[in-house]
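>>> Structure for the following, please:
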Amino acid sequence: MRIVFMGTPDFAAESLKRIYEDGHEVCAVFTQPDRPRNRGMKVGFSPVKELALKYALPVYQPETLRDGRAAEQISALAPDIIVIVAYGKLIPGDIIRIPPRGCVNLHASLLPKYRGSAPVQWSVLNGDRETGVTTIYINEAMDAGDIIESRSVSIGEYETSGELFERLKVEGADLLCHTLRAIENGSAKRTRQNDSEAVYTRQLSKSDSPIDWSLGSEQIINKIRGLNPWPVATAVIAGAELKIYAAVKTGNLTDAAAGEIVSSGRDGIEVACGDGRTILIKELQAPGKKRMSAADYLLGHKL
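Modelled structure (predicted):
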């Protein structure tokens, strides 16, 4: 099929790679405009643009999809179908109506749960033991179109959002290619979502980082996992604000106040939580320092 692909981050690049390798005709790639990235704030290409250039595919980077210009460009490309994976903006109706086989979106959750931003992170933050990927025909509402296919993926007890992303992007790309083959041969199904079961999520920010030690140990562990690799959970320990990358449950009970250091040593930093249990901080980063094990941090910092 003749495809216009729309996507931006690494999660989307995996899908573009699979579609291209599957032999579909990708007639153009739409991705977000080049932006300053990382600490140096140098203007950089999105992962999708880098891959598109590698494959010598035409790249379009409109600032907006709502002035009619992008719709004109896509209409001139005459795609059979538009594929959207983490593009970063809602697709307006004048674009949705262009391809005869519709617009298909890959979403990193088991819809209708976790419509919106950061579905992978929220599945970890909420302590879910299962998530997945879903392909849908999009409409003008957020992640509310008819479901084509979905696949479930289990979440490990201490798996981080970053680790889960790496698995879901591969599983999602595989599901997307399976969906495209089904659409091409006419066997694709569509199931209307139950809007009453919809759960919406919001974008994360650095304001979500501070750990509230009055919460239970399970919730705090989930927060540390869910905010890794960004924006990363933080805690003030012995006067220093540390980024906390990894922690485990100890199973220990304590009478110490929430947030109080119970012990520290080669195993890590043990901290009391609001449910009377403790967790053990295993990996952290001090201001101006590299990410390190808590044991290495303690070599130069007595608590």
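>>> CA atoms for contacts and neighbours, from now on please.
Will do.
>>> Please name every helix or strand in contact with the strand ranked longest in the chain.
Counting by DSSP state E, the longest strand found in the chain is strand 240-253. Packing partners of strand 240-253 (3 or more CA pairs under 8 Å, 6 or more residues apart in numbering; DSSP states H and E): helix 217-226, strand 233-237, strand 277-285.
>>> With mean neighbour count, mean pLDDT and distance to residue 302 added, can I get these in JSON lines?
Formatted as JSON lines, these follow (neighbours: other CA atoms under 10 Å; pLDDT from 0 to 100; distance: least, CA to CA, whole Å):
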{"stretch": "helix 217-226", "mean neighbour count": "25", "mean pLDDT": "98", "distance to residue 302": "23"}
{"stretch": "strand 233-237", "mean neighbour count": "19", "mean pLDDT": "97", "distance to residue 302": "11"}
{"stretch": "strand 277-285", "mean neighbour count": "23", "mean pLDDT": "98", "distance to residue 302": "15"}
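>>> what would those look like in CSV with distance to residue 5?
Compiled in CSV, the helices and strands packed on strand 240-253 are given as follows (distance: least, CA to CA, whole Å):
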stretch, distance to residue 5
helix 217-226, 29
strand 233-237, 34
strand 277-285, 38
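>>> Which strand or helix spans the residue lying closest to residue 261 once chain neighbours are set aside?
Leaving aside its sequence neighbours, residue 261 sits nearest to residue 271 (CA to CA, 6 or more residues apart in numbering; 4.5 Å). Assessed by DSSP states H and E, residue 271 sits inside strand 268-272.
>>> Can you name the residues in contact with that strand?
213, 254, 256-264, 278-283, 293-295 (CA atoms under 8 Å, 6 or more residues apart in numbering).
>>> gap between it and the chain center?
Relative to the centre of its chain, strand 268-272 is centred 29 Å away, using CA atoms, centre = their mean, to the nearest Å.
>>> for that strand, which positions count as buried?
Of all the residues in strand 268-272, those buried under the rule 16 or more other CA atoms under 10 Å are 268, 269, 270, 271, 272.
>>> tell me the angle of that strand relative to strand 240-253?
70 degrees (axes from the mean of the first three to the mean of the last three CA atoms, to 10 degrees).
>>> and strand 268-272, average pLDDT?
Strand 268-272 shows a mean pLDDT of 98.
>>> cool, stretch 82-101 as well?
Here stretch 82-101 scores 97 as its mean pLDDT.
>>> cool, and stretch 205-212?
For stretch 205-212, the mean pLDDT works out to 98.
>>> Likewise for stretch 158-171?
On average, the pLDDT along stretch 158-171 is 98.
>>> List the buried residues in it.
Quick answer for stretch 158-171 (16+ other CA under 10 Å): 158, 160, 161, 162, 164, 165, 168, 169, 170, 171.
>>> will you turn those residues into CSV that also has distance to residue 46 and secondary structure?
Formatted as CSV, the buried residues of stretch 158-171 follow (distance: CA to CA, whole Å; DSSP: H, G, I helix; E, B strand; the rest coil):
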residue, distance to residue 46, secondary structure
158, 29, coil
160, 23, coil
161, 20, helix
162, 18, helix
164, 21, helix
165, 17, helix
168, 19, helix
169, 16, helix
170, 18, helix
171, 21, helix
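>>> ok, back up a step: how about residues contacting the longest strand of the chain?
158, 217-218, 221, 224-225, 228-229, 232-236, 276-287.
>>> same thing with stretch 207-215?
Outside of stretch 207-215, the residues within contact range by CA under 8 Å, 6+ apart are 220, 223, 227, 231-235, 258-259, 272-275.
>>> now stretch 156-168
Counting by CA under 8 Å, 6+ apart, 11, 108, 120-121, 124, 129, 132-133, 153, 155, 225-229, 248 sit against stretch 156-168.
>>> so how far is that stretch off the chain centroid?
In this view, stretch 156-168 has its centroid 10 Å away from the chain centroid, taken as CA atoms, centre = their mean.
>>> swap in stretch 67-85?
With CA atoms, centre = their mean, you get 25 Å for stretch 67-85.
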